[in-house]
Structure formats: C-alpha cells, structure tokens
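[1] Predicted coordinates and the sequence they were generated for:
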Amino acid sequence: MTHLFKTAGLAAGALIAAATFVSAHGDVKPQAVDTTGLPDTGDEWLIENPYRAEAAGEEVWLRAVEIGASGYNQNCARCHGLEVVSGGLAPDLRFLEAEEYGDEWYMERFREGYTQNGITKMPAFGELLGQDAAWAIRTYIETRPDGDAMEEYAEELKAMRDQLQMYAAGEAEGADPDAIKARLSEIAGSIETLSGAPVADSVAFRAANLIDGTPARYKSAAETLTIGLSAAQ
C-alpha cells in the first residue's frame, strides 16, 4: 500500500487514519447513484478507471466527475470529508495516485470494504452501488484540486465573482465573456491535483465552463465561485 501515495509519510498517515475509523462508519446506509449518461462498464470488474478523459473523452469525463461528486457526497463525505478533504478520521483520498496502483487499492476497498478486529470500518459498496458508480466516484476523487494552490488566486476569484454578479444583475456593462472565460481557464490550468491527474476540477474550471455571455450563466458561474471559495476557507 505504501506505493499508492506520493510519499512514505502520506502513506503512513493514511494507514494510521484507517486504523482509527469510528465503528459508526459501518452503519452508513449506501445511497444509490444515478449513473445515467455514463458508458456501461459491464459485469466484469475493471482494474483501471475507464472514465478518464484520455480513455473516454472529455464529455464522458465531465459527466463522470458530476455523477461522482453526487455519489461521493452521499456515501463517502461523512468519513472522508467534504470535497475529499479529510479531517483525519479517514485517509485523505486526494493523495491516492491517479494511476493503476491507485485504482487497484481504491477498487479493492470499494468492493470489499475494510474490517479491523471484527469491526466494520468501511462498508462494502461494490454490490450495492455497482461498477459505474465506483469509477465515477473515483474520477471525482482524483480531480480534487490542491487547496494551497487555490489560495493564491482566492482574492482574484472573489473579485471576478463580484463582477459576474453585477453582469448577471445588469448592474454593469462591457462584459467580455471570452476574456472572462479565458482568465478563469488560465487560473484553472495552473491549479494541480494532489493525485497527479492532469486536470483539477477546481471552482475556476467549473466557472469557466459555465460562461457563455448570458446573465443566467454569469449568475451560475458567480454562485459556483461563491460556494467553492467558501468551502476552501
């Protein structure tokens, strides 16, 4: 397991955290995940994430991130933390490598769960949620951004959020959607994942993909930045 995380120290920390799960984790009732829009992965369990952009295309990848976010928040956030930021109760899955070794460890735990001294620390989700949901959640987890990198742009993103709110309300003129989208995309491109995945699903990335020059989308982008910046504090 030590080769699954980027440093031996992180791996050791994850192992210690795993050993201190509360027994209540086993009482979590899995919530079904709607995987509509994702390609069927079949009956045989895979050993590598099929929903990564390089394998499935950007459209499928984006859908997997969206579905994975919902599935994670319903079934995993209680112990592993909102936005996959662990509070120390469970391993910080943001550091699980976005490669074959990380996939193997993740899928084993997802399918079989984790038991220590006869106590269920993590329930088995495999048969209950299925493979499509498993890989969607995996896709979401590995795209979590480096929170420290986000801090560098927090003030600029707040200013952009305020400007977007004014455009949405018709209180300001001269909006240049292409320039706004380009700057958000530039910021998004400089924010890395902790897993090594090539693209971070940061609030800048999400907001950039919402901009189309209409007041409604300016509003949605502003709300996305508000929620994301609040979560990062």
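    Received it, and whenever you're ready, just let me know what you need.
[2] quick one: the helices in the chain?
    Taking DSSP state H as the test, the helices found in the chain are 8-18, 53-56, 58-75, 77-80, 100-112, 126-129, 131-142, 147-151, 154-169, 177-190, 203-208, 215-232.
[3] so which of the ones you listed gets nearest Ala32?
    Distance to Ala32, taken as Cβ to Cβ, is lowest for helix 126-129 among those, at 7.1 Å. C-beta coordinates here come from the backbone N, C-alpha and C atoms, glycine included.
[4] For that closest one, give the mean pLDDT please.
    The average pLDDT for helix 126-129 rounds to 94.
[5] just stretch 75-84 next, same as before
    For stretch 75-84, the per-residue pLDDT averages 91.
[6] Can you show me the CA trace of that stretch as PDB?
    What follows is stretch 75-84, C-alpha atoms only, in PDB (Å, rounded to 0.1, in the frame of the first residue of the first chain):
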ATOM      1  CA  ASN A  75     -21.800   7.900   0.500                       C
ATOM      2  CA  CYS A  76     -18.300   8.900   1.400                       C
ATOM      3  CA  ALA A  77     -18.100  12.500   2.700                       C
ATOM      4  CA  ARG A  78     -19.200  11.600   6.200                       C
ATOM      5  CA  CYS A  79     -15.800  10.000   6.900                       C
ATOM      6  CA  HIS A  80     -13.500  11.100   4.100                       C
ATOM      7  CA  GLY A  81     -14.600  14.800   4.300                       C
ATOM      8  CA  LEU A  82     -16.400  17.300   2.100                       C
ATOM      9  CA  GLU A  83     -14.600  17.800  -1.200                       C
ATOM     10  CA  VAL A  84     -12.400  14.900  -0.200                       C
END
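[7] coming back round to it: could I get the helices of the chain as JSON lines with mean neighbour count and distance to Thr120?
    As requested, these are exported to JSON lines (neighbours: other Cβ atoms under 10 Å; distance: least, Cβ to Cβ, whole Å):
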{"stretch": "helix 8-18", "mean neighbour count": "15", "distance to Thr120": "13"}
{"stretch": "helix 53-56", "mean neighbour count": "14", "distance to Thr120": "33"}
{"stretch": "helix 58-75", "mean neighbour count": "20", "distance to Thr120": "14"}
{"stretch": "helix 77-80", "mean neighbour count": "18", "distance to Thr120": "12"}
{"stretch": "helix 100-112", "mean neighbour count": "17", "distance to Thr120": "11"}
{"stretch": "helix 126-129", "mean neighbour count": "16", "distance to Thr120": "13"}
{"stretch": "helix 131-142", "mean neighbour count": "26", "distance to Thr120": "18"}
{"stretch": "helix 147-151", "mean neighbour count": "15", "distance to Thr120": "30"}
{"stretch": "helix 154-169", "mean neighbour count": "17", "distance to Thr120": "39"}
{"stretch": "helix 177-190", "mean neighbour count": "16", "distance to Thr120": "39"}
{"stretch": "helix 203-208", "mean neighbour count": "25", "distance to Thr120": "35"}
{"stretch": "helix 215-232", "mean neighbour count": "18", "distance to Thr120": "29"}
